[in-house]
Structure formats: structure tokens, C-alpha cells
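Engineer: This is a predicted model, with the sequence first.
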2 protein chains.
Amino acid sequence: MRVLVPFDARDPKTGLASVLDDAERRAFADAMLADVLETLAVAGHDARVLATAPVECVAPVTVDERPLTPAVNAALADAELPLAVVMADLALLTPAALTRLVEPDADVVIAPGIGGGTNALVVRHPGFRVDYHGASYRDHRERAADCRASLATVDSFRLAADVDDPSDFVELLLHGEGRARDWLREAGFEVVASDGRMTARRRDDTD
Amino acid sequence: MRVLVPFDARDPKTGLASVLDDAERRAFADAMLADVLETLAVAGHDARVLATAPVECVAPVTVDERPLTPAVNAALADAELPLAVVMADLALLTPAALTRLVEPDADVVIAPGIGGGTNALVVRHPGFRVDYHGASYRDHRERAADCRASLATVDSFRLAADVDDPSDFVELLLHGEGRARDWLREAGFEVVASDGRMTARRRDDTD
């Protein structure tokens, strides 16, 4: 399937600024993008990166400086359908998770993210447009209903676990297998026990 | 399948003590347990609650005052296999998610939780024992390897999203359908936009 991978090439992963400096955020974001593109290629999909600035990667790149929502909607308006939209920070993505995304025979397929976002979408209905602001999972369900598109939701932890926030590092360290996991380890992050759930911390952090 | 549902009937959901008082935590934990038991019944499974004290619910209850790990291991030692162990705080559980849990033909099937825990297990190997302390997902993988049990992992957001922490309320408010979701709504919790991800807050909270 044709897959669009939006990527912020200017100021990526601002949610990680409390634990990674600018150069680190960019390197980590690049590693996640490379993992996502490799997984898409292994699964036989036809990926194109939709970036806010030129970026070096293995897939063709379309540069669109607009925010995420208008840039993706412009691509949807131009694209031959079906088109999938897969976020560049799905560092736990596997070919099996992608299979579960493209499998449902629905006009719109949504993979919700932790915290109410939309981490991956398949669009087969020409009237559907995205709005990534706020609780986009709920909004996208409503928009699918508004244009009478049939809807399916994919129940996948690997599609739900985007890496936006330092609290997400624990998932990547425990379940990841690619460059992004290796980058985090080499940067000194490790899983530690805390009250209840595990968390990730950097070895050279002062407490 | 026989399913064991461990439940802390004495001091449930201590991770929610910052937002719910003792009586509220107990009522909310009871609502989640009732949802989990109803979903198991709808899916045709044979549930038994393993509780630290007597509890009123629709399933038979075994009282074992010991901590989670020795109590579950005592049950595993006595049980006819296969036996599933499903946590009582999986408030997003659906029959479809349960089907995905029991489907893999492996000696041990693990559904990891957010934060490294083990939210659901199927045990078909008589040598396997649990250890819920710390990063139990990783430990359970190692224990399966140690007893040469074949292993499968289930990729499910609904099985990963336990409700341990106030940050989990947003998932329940967005994706839940049962008593626990209704209880949270009636207690005044709602989804609000924050930077990036959505969060849940109580309407009568002072900021």
C-alpha cells in the first residue's frame, strides 16, 4: 500500500526536550524514522516521507512546510486511494502490526495512540480528511461517520506506543529491536524499577 | 478456558490515591472487576477470582491473603492447565482481545502491559511460575525460556492498558464502554487537551 510518513524535520520531538538536547532529539527522531521506513519496506509497502524540510532517508521525500493537518490533507486530496498515514515515531512497529493495520476492509481504519491520538490510519474513502489536533482518535471517528465511511479500529500496542514523551522510553527499551532502541541504550538510558511500573532513566543523570 | 482474576480486596489501586479517596478506589476497583468478569463470561470463559479478602462478585472467589506472586503460583501448582491469569484492572477488555490472548498455540502466552508489566498470561506448561515484581514482562519471557516453554506475545492495546495510574483514565474515558468508564464519568472525570496528549481531570478539581 502507499504509505505517507509525516516527519517534523525542523524541531522534532519537542516533548523529549527535558531529557535530550536539540542534536540528540534530531538523531533520535532520525533513528525512529529509519526504523519505520525499514519496517514498511520489509512489509512491502510503498512509503513516502512528508517532511517539513528536506531530510536524508531511504524513501522519497515530499517537502511541505505547513503544519501536520493541512499537509496530510493536501496529500490525501492528491493521492490515489487507499493511502495509509503512519507516524514516524512508531518505533515498535513490526510487519505484523502493519498487516493488522491494512487488513480490515473498511473505508477508514484507525490505530489509536496512547493519550487519544491517531498513530496510523488507512483511508479508502475520498471524502475523509484528518485533524490531528487534540483527541484526534475521537475526532477521526466522528469525521468518518460524517462522510458515511465505514470504520475499523486496530487493537495494537505496537501501533499505540508512539514515542512522544520520556515515559515512553521504557516501552522502546523493553520491546524495541531497531536503531532507535540502540540509540537510546547508547545514550545511556536504561529501565529501572520504580513504584509499580518500570521507568527509563539516563545512567549519568543526577537525582 | 479457566481464567484466574487476581484482585486486591483490601487496599486496591493505591496508585490512584492521589485522585480517589479510599471508598472511591474500592468502588472503582469493584467496577473494573465487574467489567472484566462480564467480558470473560460473554466470551465463554470460566473465571475465578483470586482475592486477598472476601469480595462480592458474579464469579466464584478463592481467598488467599498472600501477595500476588505466591498466590498465583499456588493456584498454578493446583490448577488443571491451560490456565489464564487476567488482571482485574483491564477495564478496556473485550471478547475480541480475549480471543487474541487464547488463540496462540504456545506453552506460555504473554500480553505485556504499559510500563513493563504482565497484564494477561496463558499458561499451558506445568513448569512455568510467575513473578510479578518489577519488569515482569521481561522476567516471564526468561522464565519461559528457562523451562523450555514455547512463548507467544500478544500485541493488544486493550490488554496493555491497565488502569494503575491517573494518567490511564484518559484511555478508559476514550475507549471504555462499561461500568468503570461510567463510574469515572459520574465521579466527574473528563478528557481535556494538554500539550500533545490528552489527559483526564476531575471537573471539581482546583488547579
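Structural biologist: Yes, it's here. Residues are numbered from 1 along each chain as shown, chains lettered A, B, ... in the order given.
Engineer: okay, CA-based contacts and neighbour counts for the rest of this
Structural biologist: Noted.
Engineer: Residue A:188 versus residue A:162, what's the distance?
Structural biologist: 20 Å (CA to CA, to the nearest Å).
Engineer: so where do the strands sit in chain A?
Structural biologist: A:2-7, A:46-51, A:61-63, A:83-86, A:108-112, A:118-123, A:151-153, A:189-193, A:198-202 (DSSP state E).
Engineer: quick one, which of residue A:162 and residue A:188 is more surrounded?
Structural biologist: Higher neighbour count among residue A:162 and residue A:188: residue A:162, with 27 against 14, using other CA atoms under 10 Å in any protein chain shown.
Engineer: Make sure that one is actually in contact with residue A:119.
Structural biologist: Yes - if you go by CA atoms under 8 Å, residue A:162 and residue A:119 touch, sitting 7.1 Å apart.
Engineer: any shared contact partners between the two?
Structural biologist: Jointly contacting residue A:162 and residue A:119 under the rule CA atoms under 8 Å, 6 or more residues apart in numbering or on different chains are A:90, A:113.
Engineer: Can you report phi and psi for the spatially most central residue of chain A?
Structural biologist: Nearest to the geometric centre of chain A sits residue A:87, at 2.3 Å (CA atoms, centre = their mean). Main-chain dihedrals, residue A:87, degrees, to the nearest 10: phi -70, psi 150.
Engineer: Write out the residues of chain A neighbouring chain B.
Structural biologist: Residues of chain A found near chain B (CA under 8 Å from any CA of the partner chain) are A:15, A:97, A:114-117, A:134-135, A:138, A:155-158, A:160, A:170-171, A:174, A:193-194, A:196-199.
Engineer: Just give me the neighbour total for residue A:73.
Structural biologist: 15.
Engineer: Next one: it from residue A:182, what distance?
Structural biologist: 34 Å.
Engineer: And for residue A:76?
Structural biologist: 34 Å.
Engineer: With residue A:13 instead?
Structural biologist: Taken as CA to CA, the span from residue A:13 to residue A:182 is 18 Å.
Engineer: Name the residue in the two with the higher neighbour count.
Structural biologist: Taking other CA under 10 Å, residue A:13 and residue A:182 do not tie; residue A:13 has more neighbours (21 against 17).
Engineer: from memory that one sits against residue A:25, does it?
Structural biologist: Yes - the pair residue A:13 / residue A:25 is scored as a contact, 6.2 Å apart, by CA under 8 Å.
Engineer: any idea how far residue A:78 lies from chain B?
Structural biologist: 28 Å (CA to the nearest CA, to the nearest Å).
Engineer: Quick one: neighbours of that residue, just the number.
Structural biologist: Neighbour number of residue A:78 under other CA under 10 Å is 10.
Engineer: do the one 4 residues further on as well
Structural biologist: Using other CA under 10 Å, residue A:82 has 17 other residues around it.
Engineer: How about the contacts made by the residue lying closest to it once chain neighbours are set aside?
Structural biologist: Spatial nearest neighbour of residue A:82, excluding adjacent residues (CA to CA, 6 or more residues apart in numbering or on different chains): residue A:124 at 4.5 Å. Residue A:124 makes contact with A:81-83, A:106-108, according to CA under 8 Å, 6+ apart.
Engineer: if we go to 10 Å?
Structural biologist: Shown in contact with residue A:124 (CA atoms under 10 Å, 6 or more residues apart in numbering or on different chains): A:80-84, A:105-109, A:149-150.
Engineer: Quick check, pLDDT for it.
Structural biologist: Residue A:124 carries a pLDDT value of 98.
Engineer: Relative to residue A:75, how far out is it?
Structural biologist: Taking CA to CA, one finds residue A:124 at 13 Å from residue A:75.
Engineer: quick one: contacts for residue A:125?
Structural biologist: A:76, A:81-83, A:106-108, A:144, A:147-150.
Engineer: what's the answer for residue A:146, then?
Structural biologist: Counted by CA under 10 Å, 6+ apart, residue A:146 has contacts A:127-128, A:140.
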